[in-house]
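**Q** Sequence plus the predicted model coming up.
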Protein chains: 2
Amino acid sequence: MSKTRWNVAVVGATGAVGEQIIKLLEKRDFPVGKLKLLSSARSAGTVVTFKGQEIVVEEARPDSFEGIDIALFSAGGDVSKELAPHAVRHGAVCIDNTNAFRMDENTPLVVPEVNAEKIWEHKGIIANPNCSTIQMVAALKPLYDKFGIDRIIVSTYQAVSGAGARAIDEMRRQTKEILENGATTPDILPVGSLPVKHQIAFNAIPQIDKFQDNGYTLEEMKMVRETKKIFGDDSVQVTATCVRIPVVYGHSESVYVELKQDFDLEEVKQLLSEAPGVVLVDDPSQQAYPLASEAAGKNEVFVGRIRRDLTNSRGLNLWIVSDNLLKGAAWNAVQIAEQFVAKS
Amino acid sequence: MSKTRWNVAVVGATGAVGEQIIKLLEKRDFPVGKLKLLSSARSAGTVVTFKGQEIVVEEARPDSFEGIDIALFSAGGDVSKELAPHAVRHGAVCIDNTNAFRMDENTPLVVPEVNAEKIWEHKGIIANPNCSTIQMVAALKPLYDKFGIDRIIVSTYQAVSGAGARAIDEMRRQTKEILENGATTPDILPVGSLPVKHQIAFNAIPQIDKFQDNGYTLEEMKMVRETKKIFGDDSVQVTATCVRIPVVYGHSESVYVELKQDFDLEEVKQLLSEAPGVVLVDDPSQQAYPLASEAAGKNEVFVGRIRRDLTNSRGLNLWIVSDNLLKGAAWNAVQIAEQFVAKS
């Protein structure tokens, strides 16, 4: 029973990630039968061109999923919680890009380079991990397989596009105002729904998402929990500091990893250079290392600045960069969809 | 033999740090007798106002230091190497803000909050540490004293002012060009004297200063070596990743520290709140944590985001922010000068 065309719904079609998903479905020549574009009532009516065909975005509702085979969700956790069960009820497989089901024990959390086999354990929903987690585990996978990983200490340098299109506008406005008048007023970041606002232009904000009772932010705890779940290994210890910086596209991460055994640095580089979806950019003599400005718009995860901790023979520093809207969201979701249809 | 007035020379008087030193000498009402302002031949002739008096900047030369008691150097390592010995020969004590003598075994490397007593071991030159090191050790000192420190894993978020006034202009130009045209051409950063240039606007560059043979940058190795020297303890292990981000003033640091013993988190906060030169800003319920935008223009080191590593009872995460031109340079130098004159 092998289909040749799949009816696809994109929920959150007018958002930053939804737009990228639609572009990727076209660019990758995904075997789309019917494409249904869904959004909030506010954005319904928008016209989107897909493969030369104009499609009117409709309001997403419980009955929107009739006849849909694959539904890609990226309209926020509340929308996924409300509508994904209805999509499943209509027989669709959901690939959910929100935090709604990631830690649900019946929902596989998938980065295809790491645990593609989990796709087939789905009960209707497959979760796409958080952007900052995806790029880290994709790059660490070959090291996990070869040497084992005891612990990860990560500090992130995250782009504002991760907070949505309004946050990008906000950063541009603030930047312009500071350049022209030397001052600005923050309006959205760090967290739209919280009362205190901080300047993002020419600044670094050590808060992404809400604080938890343990003093970590939700973004930091996502990196802890999702990494364990994706590797399928609760023994991997993770401690994270997540920071927003004035970059539009592309998260960078300073990752310290303590392997389970000593390693040869050249072997680490060799493994990374051969890893699927990973590009090694690591030549100090040419000042070559991954940069957000160069990763933007690309699907791969870029790794460089690879060097041994001078004081710990199992310690390794890496600099990992990827486009948070692509591998960190839209591309990882479309990758899952591609693997799903290839074997269905 | 207690002097009441001291003849002071500022070498690099027209530079970003030199300007701050002159402002601080005035603001702190430092007991200046004669103030001699020195610079390169190019900047000589500039007129600077100090306490209402106009002073013409002169070219720094070997014979410029006659009658000078204290010479504050911040005109680059080559200038210090050439001229500091002449200042010493004329009987001055040099406080050197460059990398020229920091690791010299006869030169004390001083952060007054940590090792002020070393000032008195000088042989004519006292070195001011690197900006990224100063704020880290100032904040960690009370934890070092109380618990001991096994290792430090630090990732920095450094401001462009650390690369000089031209780098600030460059970032502003690039930012404006990208906002207006979507593209720019890099000209100075990451390292003025190296051939490859990278965009700093809306980007994160994981290179500060030149690469060493071990794959670390000089900035990263400064943090390793200087931390050991300032604590007077070679057993403190440090591994650093130093990153330039689009911020004008204020370095931020994500610091993971492994103490020698278990700790009580409230005691850590209490110690930091009482530490000299350190301000605790740590209230998640109010979204309060240190920010470069708020540290700029202040002398203190700000610490927050204090939380226990959930997987290691001796592991602690902190977020440390300070103005790199003040505590990271000019203020630390003037502090040393103040302590020197207070006991001379």
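**A** Cool, got the structure. Everything numeric in this text was worked out from a predicted model, so none of it was measured.
**Q** which residues touch the helix or strand harbouring A:I22?
**A** When elements are assigned from DSSP states H and E, A:I22 belongs to helix A:16-27. Residues from elsewhere that reach helix A:16-27 (CB atoms under 8 Å, 6 or more residues apart in numbering or on different chains): A:8, A:10-13, A:30, A:32, A:35, A:37, A:39, A:48, A:50-51, A:72, A:74-75, A:97, A:161, A:164-165, A:168, A:325-326, A:329-331, A:333-334. Where you see a C-beta, it was placed from the backbone N, CA and C, and this is true even at glycine.
**Q** Generate a PyMOL selection restricted to the buried subset of these.
**A** A single PyMOL command selects the buried members of the contacts of helix A:16-27 (16 or more other CB atoms under 10 Å in any protein chain shown):
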select buried, chain A and resi 8+10+11+12+13+30+32+35+37+39+48+50+72+74+75+97+161+164+168+325+326+329+330+331+333+334
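**Q** Any regions of the stretch 101-250 of chain A where pLDDT drops low?
**A** Within the stretch 101-250 of chain A, no range satisfies pLDDT under 70.
**Q** Name the residues of it found near chain B, please.
**A** For the stretch 101-250 of chain A, the contact set with chain B under CB under 8 Å from any CB of the partner chain comprises A:151, A:153, A:155, A:157, A:172, A:175-176, A:179, A:190-191, A:194-196, A:198-199, A:202-207, A:211, A:214-216, A:224, A:237-239, A:241, A:243, A:245-248.
**Q** how about 7 Å then?
**A** With the criterion set to CB under 7 Å from any CB of the partner chain, the stretch 101-250 of chain A comes near chain B through A:151, A:153, A:155, A:157, A:172, A:175-176, A:179, A:190, A:194, A:196, A:198-199, A:202-207, A:211, A:214-216, A:237, A:239, A:241, A:243, A:245-248.
**Q** Just the buried ones from those residues, in PyMOL syntax?
**A** Remark: buried members of those, expressed as a PyMOL selection using 16+ other CB under 10 Å:
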select buried, chain A and resi 151+153+155+157+172+175+176+190+198+199+202+203+204+205+206+207+211+215+216+237+239+241+243+245+246+247+248
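**Q** domains of chain A?
**A** A:6-129+A:329-342, A:133-324 (automatic domain parsing).
**Q** count of neighbours near the closest residue to A:E59 other than its chain neighbours?
**A** Sequence neighbours aside, A:A44 is the residue nearest to A:E59 in space, at 4.1 Å (criterion: CB to CB, 6 or more residues apart in numbering or on different chains). Neighbour count of A:A44, defined by other CB atoms under 10 Å in any protein chain shown: 17.
**Q** Need the pLDDT of A:A44.
**A** pLDDT for A:A44: 97.
**Q** For A:E121, give its distance to A:N115.
**A** 10 Å (CB to CB, to the nearest Å).
**Q** In terms of packing, which of the two has more residues around it?
**A** A:N115 (18 against 12).
**Q** any idea where the helices of the stretch 1-150 of chain A begin and end?
**A** A:16-27, A:77-89, A:112-115, A:131-147 (DSSP state H, counting those that start in this stretch).
**Q** can I get the CA coordinates of the first one in PDB?
**A** Translated: helix A:16-27. The C-alpha coordinates for helix A:16-27 follow below in PDB (Å, rounded to 0.1, in the frame of the first residue of the first chain):
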ATOM      1  CA  ALA A  16       7.900  32.400  10.100                       C
ATOM      2  CA  VAL A  17       8.300  28.600  10.300                       C
ATOM      3  CA  GLY A  18       5.100  27.900   8.300                       C
ATOM      4  CA  GLU A  19       6.400  30.000   5.400                       C
ATOM      5  CA  GLN A  20       9.700  28.000   5.500                       C
ATOM      6  CA  ILE A  21       7.800  24.700   5.500                       C
ATOM      7  CA  ILE A  22       5.900  25.700   2.400                       C
ATOM      8  CA  LYS A  23       9.100  26.800   0.600                       C
ATOM      9  CA  LEU A  24      10.800  23.500   1.500                       C
ATOM     10  CA  LEU A  25       7.900  21.300   0.400                       C
ATOM     11  CA  GLU A  26       8.200  23.100  -3.000                       C
ATOM     12  CA  LYS A  27      12.000  23.100  -3.100                       C
END
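**Q** follow-up on the earlier one: surely the residue nearest to A:E59 meets A:E58?
**A** Yes - at 5.6 Å, A:A44 counts as touching A:E58 under the criterion of CB atoms under 7 Å.
**Q** who's the closest residue to A:T227 other than its chain neighbours bridged to?
**A** Of all residues not flanking A:T227 in the chain, A:V238 sits nearest, at 5.0 Å (CB to CB, 6+ apart). Beta-bridge partners recorded for A:V238 (DSSP bridges): A:I152.
**Q** got a list of what A:V238 touches?
**A** With contact set as CB atoms under 7 Å, 6 or more residues apart in numbering or on different chains, A:V238 has these partners: A:I152, A:M223, A:V224, A:T227.
**Q** Pick out the residue of the stretch 1-150 of chain A closest to chain B.
**A** Relative to chain B, the nearest point of the stretch 1-150 of chain A is A:D150 (9.7 Å; CB to the nearest CB).
**Q** OK, contacts around that residue?
**A** A:Q237, A:E258, A:L259, A:K260.
**Q** now the first one: how far from A:T156?
**A** Relative to A:T156, A:Q237 is positioned 17 Å away (CB to CB).
**Q** picking up where we left off before, in the helix holding A:I22, which residues are buried?
**A** For helix A:16-27, by 16+ other CB under 10 Å, it's A:A16, A:V17, A:G18, A:E19, A:Q20, A:I21, A:I22, A:L24, A:L25.
**Q** sorry, back to before: of the contacts of A:V238, closest to chain B?
**A** Closest to chain B, out of all of the contacts of A:V238 and judged by CB to the nearest CB, is A:V224, at 7.0 Å.
**Q** My read is that that closest one contacts A:C242, right?
**A** No - between A:V224 and A:C242 there is no contact under CB under 7 Å: 10.8 Å.
**Q** So for these two, which residue has more residues nearby?
**A** A:C242 (28 against 20).
**Q** List the backbone torsions phi and psi for that one.
**A** phi -110, psi 130 (degrees, to the nearest 10).
**Q** Pull the contacting residues for it.
**A** A:S132, A:T156, A:Q158, A:I208, A:T217, A:E219, A:E220.
**Q** repeat that for 10 Å
**A** A:130, A:132, A:154-158, A:162, A:205-209, A:216-223, A:251, A:253, B:254 (CB atoms under 10 Å, 6 or more residues apart in numbering or on different chains).
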